[in-house]
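Could you look at this predicted model? Sequence included:
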Amino acid sequence: MTGVILAGGKNRRMNGKIKALLTFGGETLLQRQIREMKPVCDELFLVTNQPEHFTPLIGGEVQLIGDDIPAKGPLSGMHAAFSRAGHRDVWVVGCDMPFISGAVAQALADCKHRRNCDAVVPVIDGRLHPLHGVYSRECADVIVELLRKDFCQVKQFLQKIDWQTADNSFFLKRGFDLHFVLNVNTPEQYEKALALFKNKLKEQQLSRRTDHNLPPI
């Protein structure tokens, strides 16, 4: 599928720090996202109006693109990416999401095919998370019509397409950690995400040690 990272916005709530360049475990959030997306996406787009900040980090593995219809929020970036996507399935994430999951994205894409719909979007604890949804690239035509009428909200876009939800039970019964929708908009949220990251790392290390000490089956 095609993967899309939306890196617009002015980062005001992060005191001007570029969220995609925040560090997690010795790498930037952006590098962490690219590493997670590459196994399921053989085409990756980074949509940004500040390409100079990201070019040194991505090499040739990610295509940097800008908005064709600027200053319209996430829908601008989604339109730019959908219009260029080489695959029908397009996985969209925000650049401030440290725990995105390629396995979740593949499950959403599979669900989209089974239900024969335009998109599948996570709804966790009753809250909609359109960034980490999987969409059909043909949705670009719907978005451009909305933007021409100055309708810029993702919810307005969803009202115009055939989309389905994937709720807590969808993910939990497949063993997925629900933190994949977590994002960091403020320094406080960043610190909490870092603490969560460190806890997850400790759990993984403990699990490896425990498994190592198990007798062979």
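Nice, I can see it.

ok so Trp91 is a strand residue?
Yes - judged by DSSP: H, G, I helix; E, B strand; the rest coil, Trp91 forms part of a strand.

Count residues in the vicinity of it, would you?
25 (other CB atoms under 10 Å). Any C-beta I mention is one placed from the backbone N, CA and C, and that applies to glycine too.

how close does the residue lying closest to it once chain neighbours are set aside get to Leu201?
Nearest residue to Trp91, sequence neighbours excluded (CB to CB, 6 or more residues apart in numbering): Ala105, at 4.4 Å. According to CB to CB, to the nearest Å, Ala105 and Leu201 sit 22 Å apart.

who touches the most centrally placed residue in the chain in this structure?
Centroid-nearest residue in the chain, with CA atoms, centre = their mean: Val93, separated by 1.8 Å. Taking CB atoms under 8 Å, 6 or more residues apart in numbering as the contact definition, Val93 lies against Gly3, Val4, Ile5, Leu6, Gln33, Met37, Ile100, Leu131, His132.

Bridge partners for it, pull those for me.
Residues in a beta bridge with Val93, per DSSP bridges, are Ile5.

how about low-confidence regions in the protein?
Residue ranges of the chain with pLDDT under 70: 209-217.

hey, where'd the helices end up in it?
Remark: helices assigned in the chain by DSSP state H are 29-37, 55-58, 74-84, 102-115, 139-148, 154-158, 168-172, 187-213.

Mind putting those into TSV with distance to Gly126 and mean neighbour count?
Formatted as TSV, the helices of the chain follow (distance: least, CB to CB, whole Å; neighbours: other CB atoms under 10 Å):
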stretch	distance to Gly126	mean neighbour count
helix 29-37	26	21
helix 55-58	35	13
helix 74-84	21	23
helix 102-115	18	18
helix 139-148	24	18
helix 154-158	15	17
helix 168-172	9	14
helix 187-213	20	12
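
can you list those in a markdown table and add distance to Lys10?
Converted to a markdown table, those look like this (distance: least, CB to CB, whole Å):
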| stretch | distance to Lys10 |
| --- | --- |
| helix 29-37 | 17 |
| helix 55-58 | 20 |
| helix 74-84 | 14 |
| helix 102-115 | 27 |
| helix 139-148 | 19 |
| helix 154-158 | 18 |
| helix 168-172 | 32 |
| helix 187-213 | 15 |
